[in-house]
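Novice: Just to be clear, the model below is a prediction. Sequence and coordinates:
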Amino acid sequence: MKHYLSVQDIDSLDHWVEEARDLKEDPKKHKNLGSDKTIGLLFFNNSLRTRLSTQKAAMNLGMEVIVMNFGSEGWALEYADGTVMDQGTSEHIKEAAQVVSQYCDIIAIRAFAGLKDKEEDEAEKVLNGFKKYASVPIVNMESSVGHPLQALADAITLAEQNTKARPKVVLSWAPHPKALPHAVANSFVEMMHLQDADFVITHPEGYELNPEITKGATIEYDQKKACENADFIYVKNWSSYSDYGKVLNQDKNWTMTPEKVGKAKFMHCLPVRRNVVVADAVLDGDRSLVIEQANNRTYAAQIVLKKILEQ
Amino acid sequence: MKHYLSVQDIDSLDHWVEEARDLKEDPKKHKNLGSDKTIGLLFFNNSLRTRLSTQKAAMNLGMEVIVMNFGSEGWALEYADGTVMDQGTSEHIKEAAQVVSQYCDIIAIRAFAGLKDKEEDEAEKVLNGFKKYASVPIVNMESSVGHPLQALADAITLAEQNTKARPKVVLSWAPHPKALPHAVANSFVEMMHLQDADFVITHPEGYELNPEITKGATIEYDQKKACENADFIYVKNWSSYSDYGKVLNQDKNWTMTPEKVGKAKFMHCLPVRRNVVVADAVLDGDRSLVIEQANNRTYAAQIVLKKILEQ
Amino acid sequence: MKHYLSVQDIDSLDHWVEEARDLKEDPKKHKNLGSDKTIGLLFFNNSLRTRLSTQKAAMNLGMEVIVMNFGSEGWALEYADGTVMDQGTSEHIKEAAQVVSQYCDIIAIRAFAGLKDKEEDEAEKVLNGFKKYASVPIVNMESSVGHPLQALADAITLAEQNTKARPKVVLSWAPHPKALPHAVANSFVEMMHLQDADFVITHPEGYELNPEITKGATIEYDQKKACENADFIYVKNWSSYSDYGKVLNQDKNWTMTPEKVGKAKFMHCLPVRRNVVVADAVLDGDRSLVIEQANNRTYAAQIVLKKILEQ
């Protein structure tokens, strides 16, 4: 059974991107592919783009959509095996996943990292719990460690905008007042591993991402140097991975500015804090791709759902 | 691009009302008009009638509907330009509006007045923010200063019930324990400006509505005198406009009673507090039009969406 | 007008079960029966299975579905007649029910027992309020005293699994840390009254269900003895009925174990607390029917909606 849990589930990035761009030309082309099929979108965390674009993608394929805010509308789930459930949790993931599988042909799940306990976050208990016990394909709408729908949308955007055989793509950390997960950055790095590009990651010391994910990537601690002659600069905040979930600094020198962007195209997954992560002049300038990245979320989700429906 | 932000966006009230009444006869007549189109209903506040009737109207036109409680399900929005977003807001209206425009062909928004700051409420930052940055038509599902879907439903109800060339229509303030916005009253007054009627507004001193909106309307501080020989009495509480957002009194003498209603028809937008705003005997009597007003909300929304889809 | 408020609204359990099993074979067989019809699912409490399976059932019949979390998205309802509504409630059930009836062809409602006041719970103010004032059929998605969609799903499951002319069916209380309503147990008992079975209820003293409901049923206080030679054991916690809403004990000796289950099939409505209500070994064993019970919720809801649509 084909899931979409991480970027690794893309068998050919080039083909998927190409097919997604075709869908973008004619989103309703396969409007009967999903008829009589139901997708359940289960949100354990807030969402704007993912919520709307995944619904839109499913509707473009003719699917029925059930949206559920699992946290506030359902029951608190237990993930551990063998627990005596006499405390706060009311239902075990074993039952929940099996049950939802009977009502939905595809289950999509958003469950963020808690950023308190690295081991727990990396266990991906929600996503992996559903994967383990569900009898239908699972789609990751951002889990503790990955956001592969975003990364696929980013790949589509890069393909649309890139004019070079081997563009220089920079992933830059930026400051943020709150501790944020590593999911978007992780999946972007994983996706870049599938691209032919001069890929550079830049961040202050202490903000190194999981070394297993960044293995082989160039890391440059001098942001300005990293951005020199870049074709694309993807900006994103994340909290420390080594000092897990901590905000080590909020150094405004790392805010992305027009000077650093230069002639590069600017990318960000949104939502973005203006004048903290990036200066207004960048976001409002014609080098910003953020709105088109969000637009491509629909076609990223649509190609994923199409691949699953066709299997 | 045609929005529906206020009663002023109705180019011909008579024609819209007539067409809405035709839709009421055969709600599914244009069931393919909206096919392959998506409406996003974004709620920043609670809703019963608006939530259900706008969905129903969109479905009657064959549209796909995405409903989102923006406050609890999405991100806290920033509306000010140039802000350094290092506080409570996570996403700027500039991005949010542009992004949602890519998933939805029409965006409908409910965002009530805060009643703390007149200037801020009158700036209509949510509605106007979406209008400014969205690339699709915007529908007002009750904003700080107007509720034009309600006013249009009221116009339909008046047209159905009126038997006179020039009926007497009274808008009466009524007591309420909480501070309520002026939106419903404002839009009703604006809609009455488009009607041929003897229109009288009555309220205690200190409860004058925005004089720019009521300009030209008759104001009578004696409620009983105002109601004499009325054909329609529309009752609604609102908080003070001059002493902005304050509850100046809860005078039970202003509660609407069968004696004051006389032979008039009784109207209210609902929800209504029984025996505070209006006596049971009025609501439960055969002069009450409140249920039909709520019914007409569907056809008001439907004619608005139809006009937008046809442009 | 045909409602589905309790098991009593089933005119022939055998026929309904048979027809539901036919629907299960071909869920989309009547996919046009509900076209141009809308169902409103109003949740006053949390829900997983009911939320998803009732939506699924309605969509299988081609209905439009509107889901609303009434508590958090709508207005606080008043149920008492003649109240001066100057306190916490904003809208009377009289208006709410009439209004929703205009947007929905069927209204389904979930409103749990509060377990504070027996008389108030038994008055079923939400369900009965909607029944009294709505002008469309009402479906009970679990009320204070009954959960007839669950009982119907249980009847389908029994029919699928039973091989005897007169099976022995046991309803056993089990411990639970929180006070739970009697609704599931009540409806299961009512449904068993319509079955040809050797039906035994077992629970500690003090946990007797409403005697009007259990009238005629065998009650056995020795759980092991009750379970002997059972074909089906339905386990469920409920709080005390006589000492209303109280948790009298959490005696772990009542937890269902493989030894007590023996060769019986195990049933539970879910969500279930593992190793409190029932041991892992039972739930994970091949005698457990809980996942299939949940699956049958779709067809229970679908046969109910079909009967209502066909009237």
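Specialist: Noted; the coordinates are in hand. Numbers count the residues shown, from 1 in each chain, chains lettered A, B, ... in the order given.
Novice: Around chain B, pick out the residues from the stretch 1-150 of chain A.
Specialist: Neighbours of chain B within the stretch 1-150 of chain A, by Cβ under 8 Å from any Cβ of the partner chain: A:28, A:31, A:43, A:46-49, A:51-53, A:55-56, A:59, A:69, A:72. Using the backbone N, CA and C atoms, a C-beta is placed for each residue, glycine as well.
Novice: which residues does A:Lys37 contact?
Specialist: A:Lys37 makes contacts with A:62-64, A:105-106, A:309, as judged by Cβ atoms under 8 Å, 6 or more residues apart in numbering or on different chains.
Novice: Among those, which ones are in helices?
Specialist: The members of the contacts of A:Lys37 that map onto helices under DSSP state H are A:Leu309.
Novice: can you give me the strands in the stretch 101-250 of chain A?
Specialist: Along the stretch 101-250 of chain A, the stretches classed as strands by DSSP state E, counting those that start in this stretch are A:106-110, A:138-140, A:168-173, A:198-202, A:218-220, A:232-236.
Novice: What lies in contact with the fourth one?
Specialist: Contacts of strand A:198-202 from elsewhere in the structure, counted by Cβ under 8 Å, 6+ apart, are A:166-173, A:189, A:192, A:209, A:214, A:217-223, A:226-227, A:230.
Novice: List only buried entries from those.
Specialist: Buried by 16 or more other Cβ atoms under 10 Å in any protein chain shown: A:167-173, A:189, A:192, A:209, A:214, A:219-220, A:223, A:226-227, A:230, out of these.
Novice: A:Ser53: which element?
Specialist: Following DSSP states H and E, one finds A:Ser53 within helix A:49-60.
Novice: I'd like to know which of the strands of the stretch 101-250 of chain A is closest to C:Ser242.
Specialist: Between C:Ser242 and those, the tightest spacing by Cβ to Cβ is seen for strand A:106-110, at 42.7 Å.
Novice: what's that closest one packed up against?
Specialist: If you count contacts as 3 or more Cβ pairs under 8 Å, 6 or more residues apart in numbering or on different chains; DSSP states H and E, strand A:106-110 packs onto strand A:38-43, helix A:93-103, helix A:125-133, strand A:138-140, helix A:290-310.
Novice: List the buried residues of the last one.
Specialist: The reference is to helix A:290-310. By neighbour count with 16+ other Cβ under 10 Å, helix A:290-310 contains the buried residues A:290-309.
Novice: which of these come close to chain B?
Specialist: A:290-291, A:294-295, A:298.
Novice: can you pull the contacts of A:Gly285?
Specialist: Neighbouring residues of A:Gly285 by Cβ under 8 Å, 6+ apart: A:258, A:261, A:266.
Novice: Now which of those residues would you call buried?
Specialist: The neighbour count (16+ other Cβ under 10 Å) marks A:261, A:266 as buried among the contacts of A:Gly285.
Novice: Of the contacts of A:Gly285, which belong to strands?
Specialist: A:Phe266 (DSSP state E).
Novice: Closest one of the contacts of A:Gly285 to chain B?
Specialist: Nearest to chain B out of the contacts of A:Gly285 is A:Phe266 (Cβ to the nearest Cβ; 12.7 Å).
Novice: And for A:Val136, the neighbour number?
Specialist: Other residues near A:Val136 number 20, with proximity taken as other Cβ atoms under 10 Å in any protein chain shown.
Novice: Contacts only, for it.
Specialist: Neighbouring residues of A:Val136 by Cβ under 8 Å, 6+ apart: A:1, A:101, A:104-107.
Novice: How about it: what's its closest non-neighbour residue?
Specialist: Using Cβ to Cβ, 6 or more residues apart in numbering or on different chains and skipping the chain neighbours, the partner closest in space to A:Val136 is A:Ser101 (4.7 Å).
Novice: Provide a list of residues in contact with that neighbour.
Specialist: Taking Cβ under 8 Å, 6+ apart, one finds A:107, A:133-136 in contact with A:Ser101.
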